[in-house]
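> Provide a 3D model corresponding to the input given below.
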Amino acid sequence: METITKKATLSYLHVPSGGSEQLIARLYSPEHTANAPLIVLFHGFPGKQLNMDWAVQLQSAGYHVLVTSYRGTIGSPGTFRFQHVLEDATATLQHVCSESFTAEHGIKADQITVVGHSMGGFAGLHAFAETPEAAHYVGISPFNFGLVGQLVLEHPEYEAALHGVLERGAGFLNGAVADALLDELKHHHTTWNLLTLKERLADRSMLLMTSERDETSIKALHHDLLLSDSPFEEAIVDSDHNYIENRDAAFNEWTAWLARQ
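Numbers count the residues shown, from 1 in each chain. Take a look at the predicted model:
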């Protein structure tokens, strides 16, 4: 029987959101003769670092890579809210794990990995908890929005600084209002706290990567508390929050872990 080699491609796709809208995604597919693993990349707030350079490197290494969006971000329709981010991440992950999607795109259904940076690590971990079909999770400086909502309630003197961050980010997002985003974090602080997911994820394959110099997802708050008494493996690299410095070292660190799974 003749072996058919499929060429490497880059495609625009629509994937379902958690609402009525369709989200814009990009699928990088490798040259392959057999089904290949899939990595789903979830970006942070408000979408400054999309890690598309990593998507190209992963494609060259033999992975399919889905670069995602959420409602109200980077061209996808709808209004941006943190609730929508969580709903959209789960809807996207469950869609790409479906038999119809994996068959259509030549994906190994048992080798689907969530890779989320900052807010994407937050939403990606919630989606991973809701999707047992996904095999692995890599959290790259995940930002624990639920815990931050709790801290602002307990220490209102920090609210103005957080409001300023949300206000600056909202300018790049459709329909985003800093007051509404801040209210979401305070209202959902318990259910959105990543620490509440530890027990549900006890037997899953997961890596947390951080830097001692991360100025946004501060290690002691967003990494160490999640790592403690949990099944996560750990990687620490010397970089900034967006992993601009020592970028290749960071990429090599988490991809080497994934290759061992």
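> Now for the residue nearest to S118 when sequence neighbours are not counted: which residues touch it?
Spatially, and ignoring its direct neighbours in sequence, S118 is nearest to G44 (3.1 Å; CB to CB, 6 or more residues apart in numbering). Placement of C-beta: from N, CA and C, glycine included. Counting by CB atoms under 8 Å, 6 or more residues apart in numbering, G44 makes contact with 117-121, 143.
> 10 Å instead?
50-51, 116-123, 140-143, 169, 216-217, 241-242 (CB atoms under 10 Å, 6 or more residues apart in numbering).
> Buried ones among these?
50-51, 116-123, 140-143, 169, 217, 241-242 (16 or more other CB atoms under 10 Å).
> So which of the residues you listed are in helices?
Mapping the buried ones among the contacts of G44 onto helices (DSSP state H) picks out 119-123, 169.
> For these, work out which two are farthest apart.
Among these, the pair separated by the greatest distance (CB to CB) is G121 and G169, at 16.2 Å.
> what about the residue lying closest to A123 once chain neighbours are set aside, is that helix, strand or coil?
Beyond its immediate neighbours in the sequence, the residue positioned closest to A123 (CB to CB, 6+ apart) is A89, lying 3.8 Å away. Of the three states, A89 takes helix under DSSP: H, G, I helix; E, B strand; the rest coil.
> related to what we said a few turns ago, which member of the ones in helices among the buried ones among the contacts of G44 is positioned nearest V40?
G120 (9.6 Å).
> wait, isn't the closest one in contact with V114?
Yes: between G120 and V114 there is a contact under CB atoms under 10 Å: 8.8 Å.
> what do these two both touch?
40-42, 68, 89, 127, 139.
> Quick one: mean pLDDT for the helix or strand hosting L181?
Element membership for L181, per DSSP states H and E: helix 178-187. On average, the pLDDT along helix 178-187 is 98.
> list the buried ones in it?
Result for helix 178-187 [16+ other CB under 10 Å]: buried residues 178, 181-182, 184-185.
> now do stretch 122-136
Quick answer for stretch 122-136 (16+ other CB under 10 Å): 122-131, 134-136.
> and the two most separated of these?
Counting by CB to CB, the most remote pair of the buried residues of stretch 122-136 is F122 and A135, 19.8 Å apart.
> now H163: how far from L181?
9 Å (CB to CB, to the nearest Å).
> meant to ask about R26, not that
Taken as CB to CB, the span from R26 to L181 is 26 Å.
> same for whichever strand or helix holds L225, what does it pack against?
In this assignment (DSSP H and E), L225 forms part of helix 224-227. Contacts defined by 3 or more CB pairs under 10 Å, 6 or more residues apart in numbering; DSSP states H and E place helix 224-227 against strand 205-210, strand 233-236.
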